[in-house]
Structure formats: C-alpha cells, structure tokens
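[1] Got a predicted structure plus its sequence, pasted below:
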Amino acid sequence: EAEVAQSPRYKITEKSQAVAFWCDPISGHATLYWYRQILGQGPELLVQFQDESVVDDSQLPKDRFSAERLKGVDSTLKIQPAELGDSAMYLCASSLWRTGVPDGYTFGSGTRLTVV
Amino acid sequence: ILNVEQSPQSLHVQEGDSTNFTCSFPSSNFYALHWYRWETAKSPEALFVMTLNGDEKKKGRISATLNTKEGYSYLYIKGSQPEDSATYLCAWSSSGGYNKLIFGAGTRLAVHP
C-alpha cells in the first residue's frame, strides 16, 4: 500500500536554530498538506499546496516558517529560528484533487519536534 | 471561527464494552465529515467520509452516523477490544474550499483487558 514518507521521525533542536522537515506524498496526489498538532489540540493546517502552488497558508507564521513544493512532488517545511512554542507533531498528508469528491487524506507518520 | 468539538476528551472502557463519541461541527456550508483513527506511533488512518444528512457508515465493529442539519456525528464501537485503543479524530470540510479539513482535538480511547 502506498505511503506518505516523512523525515525525520524525531527532531530535537535548540531554540533559535533552524530545522527542516521533508515529505514525499503518494504518487499522483496533487494536494499536499502540512499540519501541526500541539499536545492536547487537534491538527491545525499550516500550509496547503495544489501541485506546486500554495492555496492556503493563512495559519503559517511566515516570519519564521517557510514551505516549498518546487516540482509539485515532495515538499520541505522549514522553521528558522525555532522557538520553544514550536514543539509539536508536524504531520504531512496528501490527497487526490477531484472536483465534487471529498477525498480523504493519507498521512505520514509525522515528525515529533522538541525545541529545548 | 470555525470549531469542531469532540467529546469526551478521553475514555477508559473495559474489553467488551460498547462506546460512542460525539463530534459537533458547523452546519452551514457543510461539505464532508471525516473520521480518523490514530494509534500511538502510527499515522492517522481514515475510517469514514460522510457527506449526506442521515448517512450511516460501518466498518467491522465501528460505525458512524451523520446529522448535517444540527451539526453532529456519532462514532460507535461495539464490543471494544484492546486494539481499538487510539485517538479518534473527526474533521469537517466546507463547500467551495480546496478539501481543507478542520480537525477536532480528538477522543482518546483506552480499552483495558
């Protein structure tokens, strides 16, 4: 069964350092999502790509976070500089994009980030 | 602010018990309601996608219902087993969007042998 690949699985970084996460979606999935889940809360959308274009980054803290999906396939999410409040689970997901069809997401295993 | 609320936050049951959780969501501009199961150290796994008022879905011992007019969905587990222990997330999407899901905080279920 096809999977969404994410790396690293765990990351510990010091405050003010840069950190990057990588995601490879299921082949053929045009839509890619980065979600952040803070302990005790539901996953919150950070950024959504349709192919290589950003269609929603309204909740992305753009002063420190950036995301790209240059060839419309894999994606990188970067944080610079990391802050203590960025400690969370970062989930990548992908889905087909079919008009009129509420496609479910396929999630990766996530990256657990701890900022110390 | 669009809120998806889930209750209870956590639940402890004995093996063999049946249980149910609630998800409430905005009833306006409704497009779809999704349920996911998220086991520790694994990826969230899709259980159901429901779109029509009155929809009922079933997968083994797990079933779900949908009321779009009043904005709630129930997830039922019949005869809980230890392997059902997980966090159950519901997510709502609106019409006219790019299939963006807004998630609830989840219900954490622990089934004790």
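    Arrived safely, thanks for sending.
[2] What strands line up against whatever helix or strand B:Asn20 lives in, and which way round?
    Using DSSP states H and E, B:Asn20 falls within strand B:19-24. Neighbouring strands of strand B:19-24 in its sheet, by DSSP bridges, are strand B:5-7 (antiparallel), strand B:72-77 (antiparallel).
[3] what comes into contact with that strand?
    B:4-8, B:11, B:13, B:33, B:35, B:71-77, B:80, B:88, B:90, B:104, B:107, B:109 (Cβ atoms under 8 Å, 6 or more residues apart in numbering or on different chains). Glycine gets a C-beta too; all of them are placed from N, C-alpha and C.
[4] likewise stretch A:87-98?
    For stretch A:87-98, the external contacting residues (Cβ under 8 Å, 6+ apart) are A:4, A:6, A:21, A:23, A:25-26, A:28-39, A:43, A:50, A:75, A:77, A:103-108, A:110-115, B:44, B:98-99.
[5] Inside strands: which ones of the residues you listed?
    If you go by DSSP state E, the contacts of stretch A:87-98 have A:6, A:21, A:23, A:31-37, A:50, A:75, A:77, A:106-107, A:111-115 in strands.
[6] List, one by one, the residues from chain B near chain A.
    Contacts of chain B with chain A, taken as Cβ under 8 Å from any Cβ of the partner chain, map to B:4, B:6, B:31-32, B:34, B:36, B:41-46, B:49, B:51, B:89, B:93, B:98-106.
[7] any weak-confidence spans in chain B?
    Where chain B drops to pLDDT under 70, the residues are B:1, B:97.
[8] in it, which spans are strands?
    In chain B, the strands defined using DSSP E lie at B:5-7, B:10-14, B:19-24, B:30-38, B:45-50, B:56-59, B:62-67, B:72-77, B:86-94, B:102-103, B:107-112.
[9] Dump those strands into a markdown table; add distance to A:Gln59 and mean neighbour count as well.
    Below are the strands of chain B laid out as a markdown table (distance: least, Cβ to Cβ, whole Å; neighbours: other Cβ atoms under 10 Å in any protein chain shown):
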| stretch | distance to A:Gln59 | mean neighbour count |
| --- | --- | --- |
| strand B:5-7 | 19 | 16 |
| strand B:10-14 | 26 | 13 |
| strand B:19-24 | 21 | 19 |
| strand B:30-38 | 19 | 22 |
| strand B:45-50 | 23 | 19 |
| strand B:56-59 | 29 | 13 |
| strand B:62-67 | 26 | 19 |
| strand B:72-77 | 24 | 19 |
| strand B:86-94 | 15 | 23 |
| strand B:102-103 | 11 | 21 |
| strand B:107-112 | 23 | 18 |
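[10] Any idea which of these gets closest to A:Lys11?
    For A:Lys11, the closest of the strands of chain B is strand B:30-38, at 19.8 Å, according to Cβ to Cβ.
[11] Pairing partners for that closest one, with directions?
    Strand B:30-38 is paired, per DSSP bridges, with strand B:45-50 (antiparallel), strand B:86-94 (antiparallel).
[12] Once you drop chain neighbours, what's closest to the residue nearest the centre of chain A?
    Geometric centre of chain A, nearest residue: A:Trp34, 2.5 Å, by Cα atoms, centre = their mean. Residue nearest to A:Trp34 in three dimensions, not counting chain neighbours: A:Leu46, with 4.5 Å by Cβ to Cβ, 6 or more residues apart in numbering or on different chains.
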